[in-house]
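Chemist: Let me see the structure of the following:
(4 chains)
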Amino acid sequence: MSALALAFDLLLVAALLWLAWQALFDAHRFSAVAHFMVFGLVMSLAWVRLDALDIALAEAAIGAGVTGALLLAALGRLPAKAGHAPAWRRAQRPLVWAAVATVVSATLALAWVAWQLPRPGLAGPVAEVLPHSGVDHAVTAVLLNLRAWDTLLEITVMLAAVCLVWSLGPALSPYAPATALPGLPALTRLLHPLFVLVPAYLLWRGSHAPGGAFPAGAVLGAGGVLMVLAGAVHWVHDARRQPLLRLLLAAGVLLFLAVGLAGLGLAGTFLALPDALAGPLILAVEVAAALSIALMLMAFYLYGEPGR
Amino acid sequence: MSALYLLLAAALAGMALVGLFRAADLLRRVLALNVLASAIFLLLVALARTTEGIDPLPHAMVLTGIVVAVSTTAAVLALTVQAQERRRHREEEP
Amino acid sequence: MFHAAIAALLLLNLGVALWRLRRGPTSADRMLAAELVSASAIAVLLLLAAGLAQPALVDVALLVALLAAVATANFVTRTWTLLHEESGSREEAGRD
Amino acid sequence: MTEWLHPLGYALIAAGTGFFVAGNLGLIRFPDLYARLHALTKADNLGLGLICLGLACQAPSLAAAAKFLLVWALMLVASSIGATLIASTALACGLRPRQQRPGSMEDDEREDTP
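Modeler: Sure, this is the predicted structure:
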């Protein structure tokens, strides 16, 4: 079994190295993007091997799915030509190799230092406070209770990115596809129930098993992107709906802030959740965060401000 | 086994940095940034996995990092695309 | 054991997809190769879910399957559009 | 009670792997995009379907078995519609299907160099 596991790991590592190499250095732009999308997929297998199922879910949804969608959409906007990196000049070669050696040795040194850190890290303390956190899954507890500050800032960063994207100009109207595609609305209609059902399931699972707001929001966002592609989301561009859209985009951050301020009032510490209310509060924050993340991913995809 | 993935993370980080500095094309820089982020995540997660159990804190950090990475990617891609649109308008108008 | 061996075999098979991904010759071929990789990844994940008795892996497979559809839809509506056709990129359709 | 299904499950998984390998062979050997589309959507999905069916035979509960089959159904929908999308776009973009008699010498030479 261990020989088999080793073979599996070696195959994964070799595939990842090859894919990353191609994604970085392939002369053809589309090829690089395709390699990167496959890199994300294989990466989620690597997360499974490392027992990081939450991350595997998030990588499958965000890394391979949404990032790939964003890249493909950007690719269609850029001219097909260009994108060929200049060849190395002869004099540059030693410099390049020196840079590679420095980087790799620095990373190895970093890994070595980190290897020396006291094990098993914070697994023990987290397991101690887990009964008071309101959920049964350690990663969800860390994300939404113990280190909720990180998650709040993360959603804020995402909102800031949406503001940046929307401030660049009006939303770009897409080019017509090369031909009529009757299959697309059918695909959207068939898959859409699942795009709603699966996030709900992931949210529900998040309290006791891998899952939670981020994969749920990402899947919902991918469903939204599919609807945008099928031309089914007109309300986003409707000028009268803009206040509602903005409110929904900010809902995750606002609810999170409200919970944090309530903690400040009740327990005297920002973002401190009282034991009795922790479970329901985490669920409420997770639902709002998932909806906001989904809408923000859709908002990225418009490449500009709608309704302008 | 963790050692194998640590080595992979080191190699990926080195490749991504070289790619990042070498790329003239903005799209390719975005790819390099994403590969670099993956390498760092891999390092964190491989270190979180010990014989005594799994440290949930790096996992939560990496989850946060993945979402921040996609936000960065979206912002940079939007800048790239809008710059290209402006360039095309300039070329068409005069 | 059996499941893990089959999973490793499928992973080995992935090399074919990687070859096609490198070779092209058209972008649609690369997209096909990416779809093959997602099909293989789903099979590997399901086999590992059964072999390691970790039912959560089925959820990962479900997500990969859902998002493979989104990638294809994106490709045909946003990437391979008339823009590339007009600006002389037959090259894009039939490189090499 | 369902113990007798387990050997059947192993047989189905092995058969599915065979179809996967065959589909991949098609992806290498077939001459143009349209033929490769067949290799992917038919052989590989059948392989995935057999593997899912075999795993469903061995699943501990009915719910787990249903989930395996759900993944397969999803993949069938996604890849069959995806294949029509890619094929019609390829045709509209001017990619001609190759229509030569098999065995003519130039076939192998011309592969991948339209």
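Chemist: And the helices in the chain?
Modeler: All of this is about chain A. A:2-25, A:29-49, A:53-58, A:67-77, A:93-115, A:123-129, A:138-141, A:148-167, A:183-205, A:213-229, A:242-267, A:278-301 (DSSP state H).
Chemist: Oops, wrong one, chain D.
Modeler: So, for chain D - with DSSP H - the helices run D:5-29, D:33-38, D:45-58, D:62-92, D:106-110.
Chemist: Establish whether the second one and chain A are in contact.
Modeler: No: applying C-beta under 8 Å from any C-beta of the partner chain, one finds that helix D:33-38 is not in contact with chain A, the shortest distance being 13.4 Å. (Each C-beta comes from the backbone N, C-alpha and C, glycine too.)
Chemist: Which one, of the helices of chain A, ends up nearest to B:Val62?
Modeler: helix A:53-58 (5.4 Å; C-beta to C-beta).
Chemist: want to throw the helices of chain A into CSV with distance to B:Tyr5, mean neighbour count and mean pLDDT?
Modeler: Formatted as CSV, the helices of chain A follow (distance: least, C-beta to C-beta, whole Å; neighbours: other C-beta atoms under 10 Å in any protein chain shown; pLDDT from 0 to 100):
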stretch, distance to B:Tyr5, mean neighbour count, mean pLDDT
helix A:2-25, 7, 18, 90
helix A:29-49, 7, 26, 91
helix A:53-58, 13, 28, 90
helix A:67-77, 21, 25, 89
helix A:93-115, 10, 14, 79
helix A:123-129, 19, 14, 76
helix A:138-141, 19, 26, 80
helix A:148-167, 24, 20, 90
helix A:183-205, 26, 18, 89
helix A:213-229, 22, 28, 89
helix A:242-267, 33, 16, 86
helix A:278-301, 28, 23, 88
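Chemist: can you tell me which of those comes nearest to C:Leu32?
Modeler: Of all the helices of chain A, helix A:29-49 comes closest under C-beta to C-beta, at 9.9 Å.
Chemist: domain ranges for chain A?
Modeler: A:1-86, A:123-308 (automatic domain parsing).
Chemist: And the longest one, how far out from the chain middle?
Modeler: Meaning domain A:123-308. Remark: domain A:123-308 is offset 10 Å from the chain centroid, using C-alpha atoms, centre = their mean, to the nearest Å.
Chemist: Can you name the residues of chain D that neighbour chain A?
Modeler: Residues of chain D lying close to chain A by C-beta under 8 Å from any C-beta are D:Leu74, D:Val77, D:Ala78, D:Ile81, D:Gly82, D:Thr84, D:Leu85, D:Ser88, D:Thr89, D:Leu91, D:Ala92, D:Cys93.
Chemist: For A:Leu53, which residues are in contact?
Modeler: A:Trp47, A:Pro210, C:Gln54, C:Ala56, C:Leu57, C:Val60 (C-beta atoms under 8 Å, 6 or more residues apart in numbering or on different chains).
Chemist: Which ones among those also lie next to chain B?
Modeler: Okay, of the contacts of A:Leu53 touching chain B (C-beta under 8 Å from any C-beta), that's A:Trp47.
Chemist: Lowest pLDDT pick from the contacts of A:Leu53?
Modeler: Sorting the contacts of A:Leu53 by pLDDT puts A:Pro210 at the bottom of the list (78).
Chemist: Go through stretch C:7-18 and flag the buried ones.
Modeler: Residues of stretch C:7-18 classed as buried by neighbour count (16 or more other C-beta atoms under 10 Å in any protein chain shown): C:Ala7, C:Ala8, C:Leu10, C:Leu11, C:Asn13, C:Leu14, C:Val16, C:Ala17, C:Leu18.
Chemist: what subset of those residues is also close to chain D?
Modeler: Residues of the buried residues of stretch C:7-18 in contact with chain D (C-beta under 8 Å from any C-beta): C:Leu10, C:Asn13, C:Val16, C:Ala17.
Chemist: isn't the third one right up against D:Asn24?
Modeler: Yes: with contacts defined as C-beta atoms under 8 Å, C:Val16 counts as touching D:Asn24 at a distance of 4.1 Å.
Chemist: so what sits against both of the two?
Modeler: C:Leu36.
Chemist: in which helix or strand would I find the residue of chain B found nearest chain C?
Modeler: Per C-beta to the nearest C-beta, B:Arg88 is where chain B lies closest to chain C, at 10.1 Å. Element membership for B:Arg88, per DSSP states H and E: helix B:56-92.
Chemist: wait, does that helix contact chain A?
Modeler: Yes: against chain A, helix B:56-92 shows contacts by C-beta under 8 Å from any C-beta at B:56-64, B:66-75, B:77-82, B:84-85.
Chemist: Find me the pLDDT at the spatially most central residue of chain D, would you?
Modeler: Geometric centre of chain D, nearest residue: D:Asp44, 2.0 Å, by C-alpha atoms, centre = their mean. pLDDT recorded at D:Asp44 is 88.
Chemist: Burial check on the nearest residue to it once chain neighbours are set aside, number of neighbours?
Modeler: Closest residue to D:Asp44 apart from its sequence neighbours, by C-beta to C-beta, 6 or more residues apart in numbering or on different chains: D:Gly23 at 3.8 Å. When neighbours are counted by other C-beta atoms under 10 Å in any protein chain shown, D:Gly23 registers 26.
Chemist: and D:Gly23, what is it in contact with?
Modeler: So D:Gly23 contacts C:Leu36, D:Ala39, D:Leu40, D:Lys42, D:Ala43, D:Asp44, D:Leu46, D:Gly47 (C-beta under 8 Å, 6+ apart).
Chemist: swap in A:Gly252?
Modeler: A:Ile155, A:Val285, A:Ala288, A:Ala289, A:Ala290, A:Leu291, A:Ser292, A:Ile293.
Chemist: and which of those is nearest chain B?
Modeler: The closest of the contacts of A:Gly252, once distances to chain B are taken by C-beta to the nearest C-beta, is A:Ile293, at 7.2 Å.
Chemist: what about the closest residue to that closest one other than its chain neighbours, distance to B:Leu26?
Modeler: Closest residue in space to A:Ile293, ignoring its immediate chain neighbours: A:Gly217 at 2.9 Å, by C-beta to C-beta, 6+ apart. Plainly put, A:Gly217 is 27 Å away from B:Leu26 if you go by C-beta to C-beta, to the nearest Å.
Chemist: got it, and B:Leu6?
Modeler: In terms of C-beta to C-beta, B:Leu6 sits 31 Å off from B:Leu26.
Chemist: same deal with B:Val76?
Modeler: 7 Å.
Chemist: cool, and B:Pro58?
Modeler: As judged by C-beta to C-beta, B:Pro58 and B:Leu26 stand 31 Å apart.
Chemist: who has more neighbours, the two?
Modeler: Neighbour count, other C-beta under 10 Å: between B:Pro58 and B:Leu26, B:Pro58 has more, with 25 against 18.
Chemist: Next, see if stretch A:193-201 gets close to chain B.
Modeler: No: contact of stretch A:193-201 with chain B is not found when judged by C-beta under 8 Å from any C-beta; the minimum separation is 15.1 Å.
Chemist: quick one: low-confidence parts of chain B?
Modeler: When residues are selected by pLDDT under 70, those of chain B lie in B:1, B:51-52, B:94.
Chemist: Please repeat the previous calculation with a cut-off of 90.
Modeler: B:1-7, B:9-11, B:13-29, B:43-61, B:83-94 (pLDDT under 90).
Chemist: cool, and chain C?
Modeler: Checking chain C against pLDDT under 90 turns up C:1-17, C:20-32, C:50-56, C:68-69, C:72, C:74-96.
Chemist: would you list every one of the helices in it?
Modeler: C:2-23, C:27-51, C:56-74, C:82-86, C:90-93.
Chemist: In JSON lines: the ones you listed, plus distance to chain A.
Modeler: Putting those into JSON lines (distance: least, C-beta to the nearest C-beta, whole Å) gives the following:
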{"stretch": "helix C:2-23", "distance to chain A": "5"}
{"stretch": "helix C:27-51", "distance to chain A": "4"}
{"stretch": "helix C:56-74", "distance to chain A": "3"}
{"stretch": "helix C:82-86", "distance to chain A": "5"}
{"stretch": "helix C:90-93", "distance to chain A": "5"}
